Structure formats: structure tokens, C-alpha cells
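**Student:** Please find the sequence and the predicted model below.
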Amino acid sequence: MVRNMNSEEAMERLKEGNARFVTGERKEYDFVARRKELLAGQHPFATILTCSDSRVRPEYIFDSNIGEIFNIETAGNVVDEVSLGSIEYGVEHLKTPVLMILGHTDCGAVTACCKLEDELAGNLGEIMKKIEPAALKTQKKIDDAIDENMKCVKECILQNSPVVKKAAEDGQVKIVLAKYILETGEVKVLE
Ligand SMILES: [Zn+2]
């Protein structure tokens with residue numbers, strides 16, 4: 001079980017798991033036994049907000065077992081009321097010691113926003129609006145915009161979620177910005 005882990009221990013677990021993923025030496029998990037164990041409840045040690053990109057899968061990237069990571073996934077890893085509610089569930093209710101905002105290289109959503117010439121209509125346009133401040137701030141340089149978008153998302157979370165803000169201030173949760181490198185499988189912690 002992974003109860004009562006602190007943020008350093010949780011980050012260590014994520015780092016070790018990612019190192020295994022990078023080299024391909026993955027752990028063998030007994031999912032059948034683990035499923036039974038988890039019937040008593042879930043105690044994940046990290047809440048991870050990441051992009052919906054099919055190449056960026058937290059359980060694989062961190063070579064983790066089921067019941068260890070509470071995932072929220074949106075294109076461009078942006079937040080709205082609903083995804084923020086899910087993040088709050090992970091932080092406040094499940095008490096994960098880490099909240100990771102995980103962006104990635106070659107993000108299609110950020111790239112689209114940087115290359116956008118006319119306003120996009122509909123729901124996709126709503127995603128673009130969320131990424132736009134980061135694109136503008138970095139003169140639409142895609143790599144910089146990806147990092148800036150993560151910072152904007154963190155600010156957006158702190159501004160719109162008193163629950164997460166308080167948990168961060170109280171030291172109950174550590175907010176980590178990290179970037180997944182598609183080429184190597186490595187996760188780099190930015191802050
Ligand atoms: Zn993406």
C-alpha cells in the first residue's frame with residue numbers, strides 16, 4: 001500500500017518508474033491481485049493533469065500500477081470547471097501529496113494554437129482560448145509556448161481553486177511542472 005507517502009517519496013516513485021520506462025526494464029505487476037486489493041479503496045500518490053495525446057500515458061510513462069495515479073486528461077492539459085473539480089477530488093479527497101502538470105514536446109494542441117490564424121469556432125476554439133495567452137507571451141514559439149502553457153495552467157488552477165491553493169500553501173500538496181520528452185520517454189521536472 002502507498003498510504004501516507006510524502007511529496008518527496010511520491011516524486012521518487014515517479015522518477016524511479018520513469019527511469020524504468022526509459023530503459024524498457026518495466027516492473028511486472030499482478031493486476032489480478034492488485035484489483036482485489038483495491039476493492040477496499042484507492043490511495044493514489046499522485047494527481048496528474050496531462051494532455052490527452054495517446055503517446056503520453058502516465059501509467060506507462062511512470063511504470064506504475066493501477067490505483068497509483070489519479071489522472072485528468074485534456075488536450076493541451078488545460079483546465080475548465082469540470083477538470084478542476086477532478087483535480088480537487090484528487091488533492092482534497094484522495095489527498096495525493098503531488099499534483100503534477102505534465103506537458104509534452106510536440107504538443108498538437110499548443111502547436112495548433114501557435115499556428116492559428118483565425119479564431120476557431122466551437123469547443124475546440126475553447127481549448128485554443130485557454131492556450132492563447134501562453135502562445136502570445138512566447139511570440140508563438142512552440143517549444144516555449146508548451147512550457148509557458150504549463151505555467152499558465154498552474155496559475156489558472158491556483159486562481160480558480162481555493163481548495164488546491166490552500167492545500168499547496170499548507171504543504172499538503174506539492175505542485176510540480178514536468179515535461180514528457182517524446183523522443184526519449186524521459187520526464188523532465190521544470191519546477
Ligand atoms: Zn498535447
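**Tutor:** Good, I have the coordinates.

**Student:** switch to C-alpha atoms for all contacts and neighbour counts from now on
**Tutor:** Noted.

**Student:** pLDDT score assigned to Arg3?
**Tutor:** Arg3 is assigned 54 on the pLDDT scale.

**Student:** Measure how buried Leu84 is and give me the count.
**Tutor:** When neighbours are counted by other CA atoms under 10 Å, Leu84 registers 19.

**Student:** Who are the packing partners of the helix or strand harbouring it?
**Tutor:** Here Leu84 sits within helix 81-88, counting by DSSP states H and E. In terms of contacts (3 or more CA pairs under 8 Å, 6 or more residues apart in numbering; DSSP states H and E), helix 81-88 is packed against strand 69-74.

**Student:** Now do the same contact list for the residue of the chain found nearest the ion.
**Tutor:** Closest approach between the chain and the ion, counting by CA to the ion: Cys107, at 3.6 Å. Cys107 makes contact with Asp53, Gly76, Ile146, according to CA atoms under 8 Å, 6 or more residues apart in numbering.

**Student:** Dump these into JSON lines; add neighbour count as well.
**Tutor:** Shown next, in JSON lines, are the contacts of Cys107 (neighbours: other CA atoms under 10 Å):
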{"residue": "Asp53", "neighbour count": "17"}
{"residue": "Gly76", "neighbour count": "29"}
{"residue": "Ile146", "neighbour count": "29"}
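
**Student:** so which of the residues you listed also contact the ion?
**Tutor:** Gly76 (CA under 5 Å from the ion).

**Student:** ok so, going back, please state the offset of the helix holding Leu84 from the chain centre?
**Tutor:** How far helix 81-88 lies from its chain's middle: 13 Å, per CA atoms, centre = their mean, to the nearest Å.

**Student:** Can I get the contacts of Cys107 in JSON lines including pLDDT and secondary structure?
**Tutor:** Converted to JSON lines, the contacts of Cys107 look like this (pLDDT from 0 to 100; DSSP: H, G, I helix; E, B strand; the rest coil):
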{"residue": "Asp53", "pLDDT": "98", "secondary structure": "coil"}
{"residue": "Gly76", "pLDDT": "98", "secondary structure": "helix"}
{"residue": "Ile146", "pLDDT": "98", "secondary structure": "helix"}
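
**Student:** From Lys129, how far out is the residue located most distally from the centre of the chain?
**Tutor:** The outermost residue of the chain, judged against the average C-alpha position, is Asp118 (28.8 Å), by CA atoms, centre = their mean. Asp118 sits 12 Å away from Lys129, going by CA to CA, to the nearest Å.
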